[in-house]
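Q: sequence and computational prediction follow.
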Amino acid sequence: MCSKARDVLVRCQIDETQKWHFVCPGVCWKSVSGGIEDAKGVQDEYPHYRYGGMVSFLEGSGEECELMLDVDSGKTEVRMGQLVLRNPRG
């Protein structure tokens, strides 16, 4: 992974540990997913990959804003500080 500071990162699982990793949305993300959000069509090459949303940092606010998307169920959740917005039905 490149370790460059980014305003936006992709949250994903990339190995058998099923731990969530944060990777840059450029070359690093493409290297773990094949450049496809849900790795559809390339699961044989990326068997442990699972997309978990984007994380961004709001410039100047010091607040982290996290978007979570469950690809399997379509559920979404946005968190910013104490505020949590959920769409449980997708």
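A: Yes, it's here.

Q: my read: Ala39 touches Trp29, true?
A: No: here Ala39 does not reach Trp29: they are 11.0 Å apart, not a contact under C-beta atoms under 8 Å. Every C-beta, even on glycine, is put in place using the N, C-alpha and C of the backbone.

Q: now do the helices in this structure.
A: 27-33 (DSSP state H).

Q: and the longest strand for it?
A: For the chain, the strand with the greatest residue count under DSSP state E is strand 50-57.

Q: check which helices and strands it sits against.
A: Packing partners of strand 50-57 (3 or more C-beta pairs under 8 Å, 6 or more residues apart in numbering; DSSP states H and E): strand 8-13, strand 64-69.

Q: residues in contact with stretch 2-21?
A: 1, 22-29, 32-33, 46, 48-57, 59, 66, 68 (C-beta atoms under 8 Å, 6 or more residues apart in numbering).

Q: kindly recompute the last result at 7 Å.
A: 22-25, 27-29, 32-33, 48-57 (C-beta atoms under 7 Å, 6 or more residues apart in numbering).

Q: in PyMOL, how would I select just the buried ones from these?
A: In PyMOL, the members of the contacts of stretch 2-21 classed as buried (16 or more other C-beta atoms under 10 Å) are selected with the following command:
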select buried, resi 23+24+28+29+32+33+49+50+51+52+53+54+55+57
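
Q: quick revisit: average model confidence for the longest strand of the chain?
A: Over the span of strand 50-57, the pLDDT mean works out to 80.

Q: ok, back up a step: worst average pLDDT in the helices and strands packed on strand 50-57?
A: With a mean of 62, strand 64-69 has the lowest mean pLDDT of these.

Q: now for Phe22: which residues touch it?
A: Leu9, Arg11, Val55.

Q: quick check: bridge partners of it?
A: Taking DSSP bridges as the rule, Phe22 bridges to Arg11.

Q: give me the pLDDT for it.
A: Reading off the model, Phe22 has pLDDT 84.
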